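**Student:** with the input below, show me the fold.
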Amino acid sequence: MRRYPALVVVLLAVAALTAPPAQADHIAPSVTATLVLGKAVKDCSQSGLCARARRATVSWSASCGPAAPADALREVDVGIYGVSPSGKRFGYDGEALEAEDATLSGSMGMTAGPGLRFFGEVTVTCSATVINEEGHEVEHTAKASSTTAQFYLPPQLVSFRTTRAGFCGVNVPRSKLDKWLQAGQYAELEYFLRYSASSLTRRGVPELRQVKLFARGAGVRKKASPDRGMLNQLGAIGTWVNPRRGGTLRIWATIGGKKTNTLRVRVLPKRC
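**Tutor:** Sure, this is the predicted structure:
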């Protein structure tokens with residue numbers, strides 16, 4: 001009589017006895033992250049153009065694993081990443097906390113500027129010394145990441161000014177010479193815009209071709225690309241207008257199809 005079943009049982013028992021020992025300090029990191037928008041804050045560009053931004057707080061809760069030693073946490077990398085129109089991500093703001101500063105749970109506040117589509121991400125790195133199957137000490141390192149929901153802040157038309165304007169038959173306060181217009185008088189308007197070009201404009205298309213300037217009211221109805229003459233002579237993004245009647249001119253812009261806020265320009269009535 002053949003005894004193959006008994007032989008199989010014996011072989012399995014021997015295999016079980018000779019299997020490598022399990023790693024006692026196994027590293028199995030995990031993390032969850034959230035992003036909350038806070039109050040509005042002032043944010044100024046390198047050129048000194050200040051806009052309204054938002055505080056963005058990224059919070060996280062992490063673990064290096066149920067069997068990990070207490071000192072297994074090595075690094076917590078917290079960041080905000082922008083999203084381009086194609087969906088590609090790019091670094092925007094953040095900080096890596098090393099072992100002495102890293103904690104398994106915490107939060108970090110950053111500033112998100114106008115014209116930005118973004119999300120938060122937290123990556124934790126854990127490491128511990130474990131015993132391999134040959135009985136030697138080896139360093140076991142692993143990472144885990146978590147991303148938050150996406151947020152969007154629209155681009156901003158921060159302010160405007162006239163680089164050229166005429167007045168006839170009216171007295172204009174000195175402080176309003178570059179802010180007011182008059183019906184029947186040609187004027188050039190400069191738009192001061194703040195936005196993230198990486199987040200709103202498409203690659204392969206000149207940035208200014210994706211900027212459109214609008215003006216409505218006081219007999220004006222205009223949509224135009226930035227005027228080349230103003231750009232070449234003044235380095236200004238703007239356009240010209242010639243109001244036909246007094247009232248209020250509303251101006252705004254779009255960048256990559258995303259609309260800014262609207263500002264109002266006073267137009268004095270025609271006097272001569």
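
**Student:** how about the strands in the stretch 151-272 of the chain?
**Tutor:** For the stretch 151-272 of the chain, applying DSSP state E, counting those that start in this stretch gives strands covering 151-153, 156-165, 181-182, 187-194, 211-217, 220-224, 238-241, 247-255, 258-259, 263-268.

**Student:** where does this structure dip in pLDDT?
**Tutor:** Along the chain, the model assigns pLDDT under 70 to residues 1-25.

**Student:** so what are the domain limits for it?
**Tutor:** 28-153, 156-268 (automatic domain parsing).

**Student:** of the strands of the stretch 151-272 of the chain, which stretch is the most buried?
**Tutor:** strand 181-182 (a mean of 24; mean count of other CB atoms under 10 Å). Just so you know, the C-beta spots here come from the backbone N, C-alpha and C atoms, and that holds for glycine as well.

**Student:** elements contacting that one?
**Tutor:** Where contact means 3 or more CB pairs under 8 Å, 6 or more residues apart in numbering; DSSP states H and E, strand 181-182 is packed against strand 156-165, strand 263-268.

**Student:** name the strands paired with the first one and say parallel or antiparallel.
**Tutor:** The one in question is strand 156-165. Sheet pairing of strand 156-165 (DSSP bridges) gives strand 187-194 (antiparallel).

**Student:** correct me, but T201 touches T254?
**Tutor:** No. With contact defined as CB atoms under 8 Å, T201 does not count as touching T254 (11.2 Å).

**Student:** what sits against M108?
**Tutor:** Contacts for M108 (CB atoms under 8 Å, 6 or more residues apart in numbering) come out as T57, V58, V78, G94, E95.

**Student:** which of the helices or strands spans it?
**Tutor:** Using DSSP states H and E, M108 sits within strand 105-112.

**Student:** quickly run through the sheet partners of that strand, with directions.
**Tutor:** Here strand 105-112 has these sheet partners by DSSP bridges: strand 50-63 (antiparallel).

**Student:** how long is stretch 130-146 end to end?
**Tutor:** 26 Å (CA to CA, to the nearest Å).

**Student:** scratch that, stretch 191-203 is what I was asking about
**Tutor:** First-to-last distance for stretch 191-203 - CA to CA - comes to 23 Å.

**Student:** likewise for stretch 233-245?
**Tutor:** 29 Å.

**Student:** residues contacting that stretch, please?
**Tutor:** 163, 181-193, 208, 211, 213, 215, 218-220, 222, 224, 226-227, 230-231, 249, 267, 269-270.

**Student:** okay, stretch 82-93 in CSV with CA atoms only?
**Tutor:** Provided in CSV are the C-alpha atoms of stretch 82-93 (Å, rounded to 0.1, in the frame of the first residue of the first chain):
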residue,chain,number,x,y,z
GLY,A,82,-1.3,73.0,-7.1
VAL,A,83,-3.2,71.3,-9.9
SER,A,84,-2.7,72.4,-13.5
PRO,A,85,-5.4,72.4,-16.2
SER,A,86,-4.1,69.1,-17.4
GLY,A,87,-4.4,67.6,-13.9
LYS,A,88,-0.6,67.5,-13.3
ARG,A,89,0.4,68.5,-9.8
PHE,A,90,3.2,70.9,-8.8
GLY,A,91,4.7,72.0,-5.5
TYR,A,92,3.3,75.1,-4.0
ASP,A,93,4.2,75.3,-0.3
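
**Student:** may I see the buried residues of that stretch?
**Tutor:** G82, V83, S84, P85, Y92, D93 (16 or more other CB atoms under 10 Å).

**Student:** ok so, going back, the helices and strands packed on strand 181-182 into CSV, with extra columns for distance to T123?
**Tutor:** Shown next, in CSV, are the helices and strands packed on strand 181-182 (distance: least, CB to CB, whole Å):
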stretch, distance to T123
strand 156-165, 31
strand 263-268, 41
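
**Student:** all set now, cheers.
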